[in-house]
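*Asks:* coordinates only, no sequence provided:
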């Protein structure tokens, strides 16, 4: 019988073999020696080394992983190494997380950022209605809680909004402009606001204003026939009747009637309110519902502004005595531009770039106030805003001609701000006289500073190093230097070494023309005339209205810190809005504008081809 030799080769076994056990053992040893003389593979060697009687009790030196056979010792060593390295990394991470470590401190805020924190606080002090818990102005409380409801002719809630200045009147025209300016600054410099920790604060300020503006007309309707233009009354020419200018009381203590002035043909006011709501809708685009509500209100207002032509402040009306509007054509261009950015609807751009409207707005004739941005004149603001469109999107035909005109006029205005051209006078201390030596110059200077700063950022973002004034090329740094010079003057670099922003610096006005700040919060409710003693006292105000920019010095750099002279010491919403915009634009010099957010609603532009030339006739 033949059996297979497990090491290879046949093995003959004879059952008839009668050899002795010794013979058989000797023969097997010979076979073993013969087998060992051949080369064995690893498996055969492992069988041989196991020997008889192991029974698989000893661990194998090798492990078959299916793909490869590895040494058991090497496998265990590798696994232990990986586990050890993992534990070491985990321990290091634990130390980093648990053990306190020092990080380099962020750089201290620059002076413009410091002033920005304070300038925003002014709006907290001007709030009307129920004070929010986080308002941070301890001497203010709920006020104007019956506004609108107490007027039998209106009978609707007009609670909220902002008092305009040192009185308790809510003038919707300058208030709307202030909200538009704040929204513009947030759209351009959201990152700077966020870095300064003020983004949510400024959004709250804007929303407090826009929530109120939505109450002043039927914002859910597509068509309206009236707007509440003003709450409170300031005309004192008709005798000693208690009103918001005759009386000197805290807003919280008002007990006299506060009539509501409504207008039925007020294109200027409606268009400015439309601009405010449209600009704010871009600020709040992350809240679709609220943003859509603002856009709808803006559309309704602009439709009303176009259909019911007229100024909101006709002669003899209360608004005409304080915030008289000169025309509504500039508001058409201004609101049309903002509505185009908010909606992407080209009909608004067509209107804003209509030659006839631009002509009526004063775009082609100049004048003493040409290039002066204010609550009454928005033309240069609209031109800068539309120059932005040309710089970054270049929509082409049919808008190119008028946009190029606006762009050229914007650059001419930037030239006029430079002292070398003498378009406007400057005081010896360096303050530009955009109002030609008339009182309250600071509100105009801050607006010019903002326009110069934001336009220089436009040029930089468009990779344009400067602009031409006639044959001379000027760097964008020249514009920024102008903007800084005006803001630095206001913050204390002036002949009097005095800051015109309350609470900023070591020396600032102490007798601000402001009812709430000048009357102590002592539990006493003063009557209309009883509060006059606080108006007339020579003592400093018991409360600092932090962040308020006062009206400013005269044309000789002189200033009288006198409460009774509002031309020196009264702050305003519109003035502080321009200050905030200028401060944020100049702060954090390494951060530019947000190029794209303002264009987010505009669909891709495909410029239409120009019309063919007229056929040639011999």
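*Replies:* The structure has been received and is ready for your questions. In this text, all values refer to a predicted model and were calculated from it rather than measured experimentally.

*Asks:* tell me where the model's unsure across the stretch 151-300 of the chain.
*Replies:* The model of the stretch 151-300 of the chain has no residue with pLDDT under 70.

*Asks:* would you map the helices across it?
*Replies:* For the stretch 151-300 of the chain, the helices defined by DSSP state H, counting those that start in this stretch occupy 172-195, 199-215, 267-283, 288-307.

*Asks:* find the nearest non-adjacent residue to residue 264, please.
*Replies:* Leaving out its chain neighbours, the residue that sits closest to residue 264 by CB to CB, 6 or more residues apart in numbering is residue 226, at 5.2 Å. Quick note: C-beta positions are derived from backbone N, CA and C, even for glycine.

*Asks:* for the one you found, phi and psi?
*Replies:* For residue 226, the backbone dihedrals are phi -160, psi 160 (criterion: degrees, to the nearest 10).

*Asks:* and residue 473, how many residues sit next to it?
*Replies:* Residue 473 has 11 neighbouring residues, counting by other CB atoms under 10 Å.

*Asks:* no, scratch that, I was asking about residue 592
*Replies:* Counted with other CB under 10 Å, residues neighbouring residue 592 total 17.

*Asks:* roughly how far does the nearest residue to residue 221 once chain neighbours are set aside sit from residue 274?
*Replies:* Closest residue to residue 221 apart from its sequence neighbours, by CB to CB, 6+ apart: residue 300 at 6.3 Å. Separation of residue 300 from residue 274 (CB to CB, to the nearest Å): 8 Å.

*Asks:* so those two - more neighbours on which side?
*Replies:* Set residue 300 next to residue 274 and count neighbours by other CB under 10 Å: residue 274 wins out with 34 against 22.

*Asks:* would you confirm that the more buried one contacts residue 337?
*Replies:* No: applying CB atoms under 8 Å, one finds residue 274 not in contact with residue 337, separated by 10.9 Å.

*Asks:* list the residues that contact the residue nearest to residue 264.
*Replies:* 217, 262-264 (CB atoms under 8 Å, 6 or more residues apart in numbering).

*Asks:* of the residues you listed, just say which sits nearest to residue 283.
*Replies:* residue 217 (20.5 Å; CB to CB).

*Asks:* could you measure that closest one against residue 328, distance?
*Replies:* Counting by CB to CB - residue 217 and residue 328 are separated by 16 Å.

*Asks:* what comes into contact with stretch 593-612?
*Replies:* Outside stretch 593-612, the residues that touch it by CB under 8 Å, 6+ apart are 187-191, 282, 285, 340-344, 388, 392-393, 395-398, 400, 454, 457-458, 461.

*Asks:* make a ChimeraX selection of the buried ones in these.
*Replies:* A single ChimeraX command selects the buried members of the contacts of stretch 593-612 (16 or more other CB atoms under 10 Å):
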select :187,188,189,190,282,285,340,341,342,343,388,395,400,454,457,458
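
*Asks:* can you flag which of the contacts of stretch 593-612 belong to helices?
*Replies:* Per DSSP state H, helices hold the following members of the contacts of stretch 593-612: 187-191, 282, 340-343, 388, 392, 400, 454, 457-458, 461.

*Asks:* neighbours of residue 455, how many?
*Replies:* 26.

*Asks:* nearest spatial neighbour of residue 125, chain-adjacent residues omitted?
*Replies:* Residue 125's closest residue in space is residue 137 (CB to CB, 6+ apart), at 4.8 Å.

*Asks:* repeat that for residue 485.
*Replies:* Nearest residue to residue 485 in three dimensions, chain neighbours excluded: residue 430, at 5.5 Å (CB to CB, 6+ apart).

*Asks:* give me the local confidence score for that neighbour.
*Replies:* At residue 430, the model reports a pLDDT of 97.

*Asks:* from residue 164, how far off is residue 568?
*Replies:* 17 Å.

*Asks:* the more surrounded of these two?
*Replies:* Remark: of residue 568 and residue 164, residue 164 carries more neighbours, 27 against 24, as counted by other CB under 10 Å.

*Asks:* return the distance of the more buried one relative to residue 128.
*Replies:* From residue 164 across to residue 128, the span is 10 Å (CB to CB).

*Asks:* which residues are in contact with both of the two?
*Replies:* Common neighbours of residue 164 and residue 128, using CB under 8 Å, 6+ apart, are residue 170.

*Asks:* residues touching the residue lying closest to residue 155 once chain neighbours are set aside, list them.
*Replies:* Excluding its sequence neighbours, the residue lying closest to residue 155 (CB to CB, 6+ apart) is residue 149, at 6.6 Å. Contact analysis of residue 149 by CB under 8 Å, 6+ apart lists 155-159.

*Asks:* now those residues in a markdown table, with distance to residue 310?
*Replies:* What follows is the contacts of residue 149, written out as a markdown table (distance: CB to CB, whole Å):
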| residue | distance to residue 310 |
| --- | --- |
| 155 | 25 |
| 156 | 23 |
| 157 | 26 |
| 158 | 22 |
| 159 | 28 |
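
*Asks:* what sits against the residue most central in space within the chain?
*Replies:* In the chain, the residue lying closest to the centroid (CA atoms, centre = their mean) is residue 186, at 2.1 Å. Neighbour list for residue 186: 193, 199, 202-203, 206, 283 [criterion: CB under 8 Å, 6+ apart].

*Asks:* neighbours around the closest residue to residue 256 other than its chain neighbours, how many?
*Replies:* Of all residues not flanking residue 256 in the chain, residue 242 sits nearest, at 3.7 Å (CB to CB, 6+ apart). Neighbour count for residue 242, taken as other CB under 10 Å: 16.
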